[in-house]
Structure formats: structure tokens, C-alpha cells
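Chemist: starting from these lines, generate the structure:
(one chain, ligands or ions: 1)
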Amino acid sequence: ALLRLQSSARDCLGRRLASTAAAPPGVWTDSWRDGIVGTVGKTPLIRLQKASEVTGCNILAKAEYANCGGSVKDRAALFLIKDAEKKGLLKPGGTVVEGTAGNTGIGLAHICNAKGYKCVIYMPNTQSKEKIDMLRLLGAEVRPVPAVPFDNPENYNHQARRFAEATPNSVWTNQFDNTANRLAHYHTTGPEIWMQTNGKVDAFTCGTGTGGTLSGTGLFLKEKNPKIKVVLADPPGSVLFSWFKKDKLERTGDSSITEGIGQGRVTENLKGSKLDDAVHVPDSASVEWTYRLLHEEGIFVGASTGLNVAAAVEVAKSLPKGSTVVTILCDSGLRYQARLFNKEWLESKALYNAIPMAYRGSAL
Ligand code: PMP
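Modeler: Numbers count the residues shown, from 1 in each chain. Now for the predicted structure:
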């Protein structure tokens, strides 16, 4: 039988779906996506059952590992490339250059392949082998460099900028200070959360690398309802907890095993963000929640997600029962298998005992 086209059907960003056939309520009605770039965003929002149970609140988490490149950074990567195209900085056959802890690079490399660009990635040599392997698999040129602070001219970002300046028809997408990054979250992550919760959100929390996710999502949600609490979650070694609490850029703690988050300065993407509070999350809590997500929810993610959920639980404790706290599931645990899910590596960081006793046997 022919199905009647339902012209009012819309996707979660409110865009009309041209070719969606009429479907009973509750049935999946998304139409085809336009290439891999069309699959970025529109991720599921998952109610974490056990975390919600223990807090008496709804802990909801955006499954960003479901993006094409497997992380929250695919949204930023797409917006950064579109921004460079719009500004005329990236022409057919051009090269995208970026400094990244890995995930932005993986997102960029996917989109570069789909759009016919070359991709050159500068990366601190402290990041996981899985991320480097993935970049190489995608055909990106990976240049691991010593992990030195931003004020050192050899920092990975400065090296990326210099390389792009010296290379014809190339662009440094500059994820830290190009606010096209946070616009990705302002225009997609924030609206998706708003629509998926029917506007019933009391708080949003996540960690910060560039600040794009926290700032862009937070700004959108605040515009919709200024009462929504936006909370920065910060790992050891980062200065942002003290930036919020004391207006000083002091590191809290030493260093962290959480890749991709923690920051030593206030990036352009973070400037002007509207924050209500900050929580400091020790690595032991990030590891605990990463393993709890795996065993209690069946969700396999990296340590920045463990940190986000630990923060969401902390925020929920400060809110009335029944409140809704939203956070981000940043990327998959597959990216950290040799570290976070390896007994010896965790022991070397004195974090093996942070895994709840019942789940310790699962570290390989
Ligand atoms: N988690 C992971 C694993 C990441 O790679 C990143 C980005 N570096 C983030 C969280 C933080 O995202 P943002 O850059 O938007 O602050």
C-alpha cells in the first residue's frame, strides 16, 4: 500500500522531513541523511537508570559517542569546517590543520574524507594510541609533539597554526579560540536537549577542553530558561575550578588521566559563558563512574564521561528530588582500552582501587 506523506513530520532540530511516510506515534520517522556529515548530531538522550535511582533525580545523558567520528567533537568539527568554507579560507582540495587531543581530529578527518580535504593533526604525545591509530586509519597526517603548556611556542596549537600559515590552501581551524566551535553546541546540542526534555531541564553539567560544549549548550539553555543551572565540571590539573570559584587561574590538584578535558587558560569559547557553579572531580570519581556506567548501565565510555556523570550526580544532590540534570557521554571506551580498562596501567596511576570492588575483575 502507498503511504501518505506526512508534511508536518520534523526531526529533532525542528526541520521538516520531506519524505517521511505517515507512521503511528512512537515509530521512528527519520528520513535518510545527506552523507556522513548529515549524521552529526541528533543523538539519543539516555536516562541513566541506576544513577537516577541513587539520586532520586533524572540523570539524562547525550550519547555523543553515536556521532560518525564517535565523539562530542564531531559537532564542533563540522561547524569549524563549514565556518572555514563560508569565510573562503578552505577551497576544494585544501588542507585542514588542527591541534587536538584527538577527538576533534578524528571528527575533522571523517568530514575531510567526505568532502575531499586533506587533514593534518598536531597532537600532544601523551594521548592514547587508539586515537592516533584511528586518525592514521582515516588517512590524516598525524604529528605527535611534546606536551608543553600553551605559553610555550612548541605547544601543539602553535605548531598547527605555523604549519597552516606556511602551507598554501590550508586552514588552521583553531578549535580553542574560534567560536564556531561553541556555535555548534548553541545551534544543535542545546536545542536537541531542550526538545528531547520538552524543556524540563534543571541543570546541565560537563567538563571542558575547549569549552565549546559547556559554553554553547549552556548559553542556549539559559536563553530558553535562565533558571537552568549550568555547572562546570573540572578535573585535577585544570585552572577552571579556581577561575570560577576564586577568579584566579590556579591549578587544582596535579594532573589527570582524563583525556580531552582540563584547561590552563580561559579560551575564547569559554569567555562570556554563563556559569552558575563549578565542581572539582578527582580521577578516582571519574574512574569509579566510568566502570559503574559500564556495569550498571551497559554504557562503555571514556573517563571524561565518568567525570561528567560524577558531576551530574553531585549537582543532583544539591537539587530537589525529581529534578532533571543533563550531561554528555563524550566518547567510547574503545579509545582508552589499553589504559583505562587495563589493570596494570590503572595500578601505575594508583587508580585500580577506585573501581568499585564488584567490577574490578573486568579490568583487563
Ligand atoms: N571529552 C573528550 C573525550 C574530549 O576529547 C573533549 C574535547 N577535547 C571533551 C570531552 C570536551 O569538549 P569541549 O572541547 O567541547 O570542551
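Chemist: isn't I328 right up against K62?
Modeler: Yes. The pair I328 and K62 passes the contact test of C-beta atoms under 8 Å, sitting 5.2 Å apart. (C-beta placed from N, C-alpha, C; glycine too.)
Chemist: neighbour count: those two, which is higher?
Modeler: Neighbours were counted for I328 and for K62 using other C-beta atoms under 10 Å; I328 has more, 30 against 26.
Chemist: residues of stretch 106-123 that come out buried?
Modeler: Within stretch 106-123, the residues scored as buried using 16 or more other C-beta atoms under 10 Å are 106-112, 115, 117-123.
Chemist: hmm, it in reach of the ligand?
Modeler: No. Residues of stretch 106-123 contacting the ligand under C-beta under 6 Å from any ligand atom: none, with a closest distance of 9.0 Å.
Chemist: distance check, the spatially most central residue of the chain against the ligand.
Modeler: Here the mean C-alpha position of the chain is nearest to the C-alpha of V72 (C-alpha atoms, centre = their mean), at a distance of 3.3 Å. Distance check for V72 against the ligand: by C-beta to the nearest ligand atom, to the nearest Å, it reads 6 Å.
Chemist: just give me the neighbour total for the nearest residue to that residue once chain neighbours are set aside.
Modeler: Using C-beta to C-beta, 6 or more residues apart in numbering and skipping residues adjacent in sequence, the residue nearest V72 is E64, 3.8 Å away. The local packing count at E64 equals 26, with neighbours defined by other C-beta under 10 Å.
Chemist: which ones are touching E64?
Modeler: 43, 71-72, 74-75, 328-331 (C-beta atoms under 8 Å, 6 or more residues apart in numbering).
Chemist: how about A84?
Modeler: Applying C-beta under 8 Å, 6+ apart as the definition, the contact partners of A84 turn out to be 90, 96, 171, 173.
Chemist: if you set the cut-off to 6 Å instead, what comes out?
Modeler: If you count contacts by C-beta atoms under 6 Å, 6 or more residues apart in numbering, A84 has them with 90, 171.
Chemist: cool, and A278?
Modeler: Applying C-beta under 6 Å, 6+ apart, we find A278 in contact with 232, 241, 244.
Chemist: the closest residue to G212 other than its chain neighbours: neighbouring residues, count only.
Modeler: Distances taken as C-beta to C-beta, 6+ apart put N181 closest to G212, at 3.8 Å, once the chain neighbours are dropped. Taking other C-beta under 10 Å as the criterion, the count of residues near N181 is 31.
Chemist: kindly report the same for A358.
Modeler: 11.
Chemist: three-state assignment of the nearest residue to it once chain neighbours are set aside?
Modeler: Nearest non-adjacent residue to A358, counting by C-beta to C-beta, 6+ apart: H295, 7.4 Å away. Look at H295: counting by DSSP: H, G, I helix; E, B strand; the rest coil, its state is helix.
Chemist: report pLDDT for H295.
Modeler: Looking at H295, its pLDDT stands at 98.
Chemist: returning to what we had before: cross the contacts of A278 against helices and list the overlap.
Modeler: Taking DSSP state H as the definition of helices, the contacts of A278 contribute 241, 244.
Chemist: what's the closest of the contacts of A278 to the ligand?
Modeler: L232 (10.0 Å; C-beta to the nearest ligand atom).
Chemist: so that closest one sits right up against L275, yeah?
Modeler: Yes. The pair L232 and L275 qualifies as a contact (C-beta atoms under 6 Å) at a distance of 5.4 Å.
Chemist: neighbour count winner among the two?
Modeler: Neighbours of L232 and L275, each counted by other C-beta under 10 Å, are more numerous for L232; the result is 27 against 18.
Chemist: against G69, how distant is the closest residue to that one other than its chain neighbours?
Modeler: Distances taken as C-beta to C-beta, 6+ apart put A278 closest to L232, at 4.2 Å, once the chain neighbours are dropped. Counting by C-beta to C-beta, to the nearest Å, the gap from A278 to G69 is 29 Å.
Chemist: ditto for T217
Modeler: According to C-beta to C-beta, T217 stands 19 Å off from G69.
Chemist: need the residues of the stretch 251-364 of the chain near the ligand, please.
Modeler: Residues of the stretch 251-364 of the chain lying close to the ligand by C-beta under 6 Å from any ligand atom are 259-261, 302, 304, 330-331.
Chemist: which residues touch T179?
Modeler: T179 makes contact with 268-269 under the criterion C-beta under 6 Å, 6+ apart.
Chemist: sorry, slip of the keys, the one I care about is P153.
Modeler: With contact taken as C-beta under 6 Å, 6+ apart, P153 is in contact with no other residue.
Chemist: for the residue of the stretch 151-300 of the chain found nearest the ligand, which residues are in contact?
Modeler: With distances taken as C-beta to the nearest ligand atom, the stretch 151-300 of the chain approaches the ligand most closely at G260, which sits 2.5 Å away. By C-beta under 6 Å, 6+ apart, G260 lies in contact with 101, 103, 209, 304.
Chemist: next, the residue nearest to it when sequence neighbours are not counted: secondary structure please.
Modeler: The shortest distance from G260 to any residue other than its chain neighbours is 4.5 Å, reached at A101 (C-beta to C-beta, 6+ apart). Under the three-state scheme (three-state DSSP), the conformation of A101 reads as coil.
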